[in-house]
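S.K.: Sequence below, structure please.
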Amino acid sequence: MEIWCSGEDLLKRANVFAQQLNRECHPHAAVMIANAFVCSEQLPFDEKTKISSAISQFLDKSGNGNLQKELLPIESSAVQQDQELVKLLKLLLEHGDKTPTKETQQLEQKLLESSNTLMLGCFYYILEQFEKAEHYLKQLDDAGARFMLLVIYSIQEQTDQVIELAYECIKEGYFEAALLLAYAYVKQRDFSEAEKHYLLAIEKKVESSQSKLANFYYDRNKMELAEKYALLAYHAGEDEALFTLLAIYQKQSKYDEAETLALTEISKGNTDERLYISLVFSRIYQGKLDAVESYLQTEQLLHYNFIAAHFYLAKNELEQAKTHALNSYQQDNFSPAHKLLALIYTQEAKYDLAEKHLLEVASEDPIAQLKLASLYFNQPQLKPKEHALSLIAQIEEIPQASNPLVIQILLWNNQFDQAAEKMSQILSTCAQQIDDYEETLIQLFTFFLAKGQTNLVCRWFKEYDLSERFKPLYYALMSLMESTYPNEHLRMGSELQETVDEILQHIDFLAQTYK
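M.R.: Okay, the predicted model is just below:
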């Protein structure tokens with residue numbers, strides 16, 4: 001450590017290190033630095049004791065108690081000078097991946113000459129030269145090295161390797177591996193195993209595990225569970241839990257709760273721009289437009305143009321909305337403005353411009369891909385039907401709310417088996433809540449009929465007992481199946497005839513439009 005600093009500077013750095021240990025610190029790096037301090041011959045014994053106590057408390061509170069075994073004892077550490085470790089710590093703390101080339105090369109040469117396999121693995125790991133780091137770390141029969149390997153595999157999304165190695169790391173007490181394992185299972189779409197290991201991480205008190213499970217449920221549209229774990233994470237002080245909770249409230253249309261939470265945080269002195277954004281959107285969605293204007297003037301709103309565009313769009317002042325949205329992406333270089341501009345241009349029936357802006361971000365934004373697919377479906381003259389099919393095929397995980405769009409695009413492309421499978425999933429999910437899905441189900445049944453799937457729709461009507469609930473659509477179906485059920489449509493009351501005729505006309509229109 002004395003190579004790095006000495007005397008009063010050493011004392012000062014030791015005190016700063018002990019005081020600034022918090023949830024943002026990397027636990028493995030913190031252990032390495034603490035060991036370097038207690039190795040110092042110049043640092044007084046009581047200062048080493050403070051360091052030892054601080055690092056122990058940090059590891060326990062952050063869910064990394066398993067790393068206690070890697071801490072060096074104070075009494076035997078004074079003679080364990082490791083200049084390569086000290087330089088590595090200096091590299092990590094002062095420069096990271098921006099280390100000057102000369103210093104990096106000197107340290108690399110020193111480590112290569114010493115054949116210090118662990119330090120070489122750490123060195124290349126810090127510099128994100130993962131192929132070299134893997135080469136050295138794989139040579140070691142060491143729990144810490146295995147965990148670093150696991151992190152490398154996770155960063156590179158090598159999910160098979162993560163799954164293979166993570167179980168071993170968990171057995172060795174590296175419970176952070178449970179989070180990496182859960183993420184790997186999400187990538188492989190094994191959501192049951194993912195959920196199981198998120199819960200294991202929570203059980204083992206791994207930092208941020210409750211927030212990550214809340215996000216997992218949010219992405220699966222399991223909003224009650226998402227809210228439960230986001231609240232737990234928020235009250236536990238987990239990073240980003242506040243904004244996860246705000247997003248969950250917004251998605252559930254719990255705008256009062258979102259507004260109250262944002263105002264509470266602002267009253268505590270939290271000036272994060274996202275609080276003001278959430279507050280503005282909560283009031284826009286509630287129609288409290290008069291209450292929004294004052295917040296548009298706050299200095300915390302770095303993305304003023306983007307928020308103002310939403311405000312004027314809610315007031316149906318399209319020109320003002322368009323001006324601010326254009327400023328948002330031209331002046332502020334804020335990419336989400338492209339989707340907003342696409343919405344505005346769609347309302348103005350300027351579909352080519354809407355398409356242009358969605359194409360700007362679709363390659364990196366699944367939501368933009370879905371919006372573009374929706375544009376192609378609703379305006380079938382823009383592109384051949386295969387374009388919409390290609391877009392939805394590229395999306396790894398489609399939100400449940402977009403399944404009706406996906407079904408219609410599949411039907412448009414005559415992918416009847418896939419469309420029927422997704423429709424069966426929707427019906428089984430909403431069987432007890434038909435009223436909440438009535439409009440969507442009518443739209444989908446009508447599209448199935450337009451694509452000639454009468455027997456399939458008839459089977460669903462019988463299976464879920466829908467003939468009375470959707471009586472006009474049922475008699476339209478019976479009219480289309482008159483050869484099979486010659487007398488059924490005769491039971492229809494005359495008061496339904498006009499409605500049934502309109503449904504049949506709409507079915508014919510869809511059949512011609514989406515050939």
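S.K.: State the phi and psi torsions of S62.
M.R.: Torsion angles at S62 (phi, psi; degrees, to the nearest 10) stand at phi -90, psi 10.
S.K.: from memory it sits against E207, does it?
M.R.: Yes. Using Cβ atoms under 8 Å, S62 is in contact with E207, at 4.9 Å. Yep, even glycine has a C-beta here, placed from its N, CA and C like the rest.
S.K.: where do the helices sit along the stretch 401-515 of the chain?
M.R.: Using DSSP state H, counting those that start in this stretch, the helices of the stretch 401-515 of the chain run over 403-412, 416-430, 438-450, 454-463, 471-480, 497-513.
S.K.: So what touches the last one?
M.R.: Among residues not part of helix 497-513, those counted as contacts by Cβ atoms under 8 Å, 6 or more residues apart in numbering are 380, 446-447, 449-452, 472-473, 475-476, 479-480, 492.
S.K.: Pull up the distance across stretch 385-401, start to finish.
M.R.: Across its full length, stretch 385-401 reaches 21 Å end to end, with Cα to Cα, to the nearest Å as the criterion.
S.K.: contacting residues around that stretch?
M.R.: By Cβ under 8 Å, 6+ apart, stretch 385-401 touches 189, 219, 221, 362, 366, 369-370, 372-373, 376-377, 405-406, 409-410, 412-413, 415, 514.
S.K.: Quick check: buried residues in that stretch?
M.R.: 385, 388-392, 398 (16 or more other Cβ atoms under 10 Å).
S.K.: what helix or strand is the nearest residue to E47 once chain neighbours are set aside on?
M.R.: Nearest residue to E47 in three dimensions, chain neighbours excluded: A14, at 5.4 Å (Cβ to Cβ, 6 or more residues apart in numbering). Here A14 sits within helix 7-19, counting by DSSP states H and E.
S.K.: can you check E293 too?
M.R.: Applying DSSP H and E, one finds E293 in no helix or strand.
S.K.: give me the number of residues near K205?
M.R.: Neighbourhood size, K205 [other Cβ atoms under 10 Å]: 16.
S.K.: correct me, but it touches N64?
M.R.: No. Counting by Cβ under 8 Å, K205 does not reach N64; the two are 9.1 Å apart.
S.K.: Give the buried residues for the helix or strand following the helix holding A14.
M.R.: Sequence order places helix 27-39 as the next helix or strand after helix 7-19, per DSSP H and E. Neighbour-count burial for helix 27-39, counted by 16+ other Cβ under 10 Å, picks out 27-28, 30-39.
S.K.: Tell me, how many residues neighbour A143?
M.R.: Neighbour tally, A143, other Cβ under 10 Å: 18.
S.K.: where does the stretch 1-150 of the chain dip in pLDDT?
M.R.: The stretch 1-150 of the chain contains residues with pLDDT under 70 at 1-10, 23-24, 41, 45-46, 73-101, 103.
S.K.: Got the domain ranges for the protein?
M.R.: Residue ranges for the domains of the chain, per automatic domain parsing: 7-125, 303-380, 416-513.
S.K.: Mind checking which of the contacts of stretch 385-401 are buried?
M.R.: Buried among the contacts of stretch 385-401 (16+ other Cβ under 10 Å): 362, 366, 369-370, 372-373, 376-377, 405-406, 409-410, 412-413, 415, 514.
S.K.: ok, and the helix or strand in this structure with the lowest average confidence?
M.R.: Sorting the helices and strands of the chain by mean pLDDT, DSSP states H and E puts helix 83-90 at the bottom, at a mean of 50.
S.K.: Any chance of CSV for the helices of the stretch 401-515 of the chain, columns distance to T264 and mean pLDDT?
M.R.: Shown next, in CSV, are the helices of the stretch 401-515 of the chain (distance: least, Cβ to Cβ, whole Å; pLDDT from 0 to 100):
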stretch, distance to T264, mean pLDDT
helix 403-412, 36, 97
helix 416-430, 35, 92
helix 438-450, 36, 96
helix 454-463, 47, 96
helix 471-480, 48, 95
helix 497-513, 49, 96
